[in-house]
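Visitor: model this:
(one chain, ligands or ions: 1)
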Amino acid sequence: MNAAEWHAACDRRLAELGVDPREARRLADDSAAEALASGLHPAELFGPATAYATSLASAARQPLAAPLARARGPVVLRLAGVTKRYRRREVLRGVDLVLRGGEVAAVVGANGSGKSTLLGVCAGSVKASGGTVERAARIGYAPQQHGVAPYLTPDEHFRLFGAVHGMGARKAVATGTRLAAGLGWRPRDTVAGKLSGGTQQKLNVVLGELDRPDLILLDEPYQGFDQDSYLDLWAQVYAWRDAGAGVLVVTHLLHDLDKVDHVLELQGSEDR
Ligand SMILES: Nc1ncnc2c1ncn2[C@@H]1O[C@H](COP(=O)(O)OP(=O)(O)OP(=O)(O)O)[C@@H](O)[C@H]1O
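Guide: Prediction:
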């Protein structure tokens, strides 16, 4: 399939999925411009045309209503009786969760209740004191802090994180740029330390999703986001979910909770 045929297949699929023709035109034009700018064949950049059109359509719909009945995939995260102690201080006690591909779970709790600790345990960067953690092999993690290197530009981040996943430099930059566009951000040649807090957080999220993970862990991903960026992020979360990933997201925003499949509320030892 040459590039023109790929774009035609993408257009056909967007029309089949009932995307508004003007919105479909805009999405198709954006995709064509990105592919041209990257110098890559669109299939190399975006994957199969029909799958890409399906994820575009899903993001375009921005389904902020309660989740509909959907097919669930295999378990991507299983926590059983997870505990965490820092010295004698118990932060997590007996946390259980089963998250499947195609599901979104929210982690909520007061400041200090252990949300970031739990995400670290899920990601494998924090060792649990007890219980078991099973996770998918391909995970993406956007931590609350230290997710980006202040002296590197966004493209340097994409190349570095891409290399970790065995991705070539050009593909990593093109993929990072495309994912950033989904969050309404066009990366420029500025070191991360000079970006606004919200834009640094977008970089953090993009790095977490660079390698199409099966499990995506987001620790308060929209600190500093404006309203549009917030909606873009939820559209992305739904697109990952619809593509079969499981998403675990820490949030303080109660109105997020009607959009998810599971809510895990942590009590924190200060409250007990
Ligand atoms: N490395 C560490 N060593 C000792 N105590 C720690 C460590 N990391 C976190 N803690 C403590 O564990 C508790 C839970 O911290 P954590 O950051 O997981 O909470 P949180 O729910 O994410 O908080 P917030 O809502 O403020 O982000 C806090 O009391 C914190 O001080």
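
Visitor: now residue 131: which helix or strand?
Guide: Element membership for residue 131, per DSSP states H and E: strand 130-135.

Visitor: what sits up against stretch 7-18?
Guide: Applying CB atoms under 8 Å, 6 or more residues apart in numbering, the set of residues contacting stretch 7-18 from outside is 1, 21, 24, 27-28, 31-32, 35, 42, 49-50, 52-54, 56-57. Every residue, glycine included, has its C-beta placed from N, CA and C.

Visitor: of the residues you listed, closest to residue 92?
Guide: Closest approach to residue 92 among the contacts of stretch 7-18 (CB to CB): residue 54, at 37.2 Å.

Visitor: was I right to think the closest one contacts residue 238?
Guide: No. Between residue 54 and residue 238 there is no contact under CB atoms under 8 Å: 11.9 Å.

Visitor: show me the strands in the chain, by range?
Guide: Assigned by DSSP state E, the chain shows strands spanning 75-86, 89-100, 104-108, 130-135, 139-142, 215-219, 246-250, 262-265.

Visitor: ok, residue 100 to the ligand distance?
Guide: Separation of residue 100 from the ligand (CB to the nearest ligand atom, to the nearest Å): 24 Å.

Visitor: name the nearest residue to that residue, sequence neighbours excluded.
Guide: Nearest non-adjacent residue to residue 100, counting by CB to CB, 6 or more residues apart in numbering: residue 72, 4.3 Å away.

Visitor: just residue 179 next, same as before
Guide: Spatial nearest neighbour of residue 179, excluding adjacent residues (CB to CB, 6+ apart): residue 206 at 4.6 Å.

Visitor: show the contacting residues for the one you found.
Guide: Counting by CB under 8 Å, 6+ apart, residue 206 touches 158, 176, 179-180, 183.

Visitor: near the ligand, which residues of the stretch 101-250 of the chain are found?
Guide: Residues of the stretch 101-250 of the chain lying near the ligand by CB under 6 Å from any ligand atom: 109, 111-117.

Visitor: point out where this structure drops to low pLDDT.
Guide: 59-70, 253-256, 268-272 (pLDDT under 70).

Visitor: helices of the stretch 1-150 of the chain, start to end?
Guide: Here the stretch 1-150 of the chain has its helices, by DSSP state H, counting those that start in this stretch, at 3-16, 21-38, 42-46, 49-61, 115-123.

Visitor: just name the most buried of those.
Guide: By mean neighbour count, with neighbours taken as mean count of other CB atoms under 10 Å, helix 115-123 ranks first of the helices of the stretch 1-150 of the chain at a mean of 23.

Visitor: show me what that helix is packed up against.
Guide: Judged by 3 or more CB pairs under 8 Å, 6 or more residues apart in numbering; DSSP states H and E, the packing partners of helix 115-123 are strand 75-86, strand 89-100, strand 104-108, strand 130-135, strand 139-142, strand 215-219, strand 246-250.

Visitor: out of the ones you listed, which is closest to residue 195?
Guide: Ranking the helices and strands packed on helix 115-123 by their distance to residue 195 (criterion: CB to CB) puts strand 139-142 first, at 14.9 Å.

Visitor: show me what that closest one is packed against.
Guide: By 3+ CB pairs under 8 Å, 6+ apart, strand 139-142 packs against helix 115-123, helix 197-209, strand 215-219.

Visitor: 7 Å instead?
Guide: Here strand 139-142 touches helix 197-209, strand 215-219, going by 3 or more CB pairs under 7 Å, 6 or more residues apart in numbering; DSSP states H and E.

Visitor: separation between the residue nearest to residue 179 and the ligand?
Guide: Using CB to the nearest ligand atom, we find residue 206 at a distance of 21 Å from the ligand.
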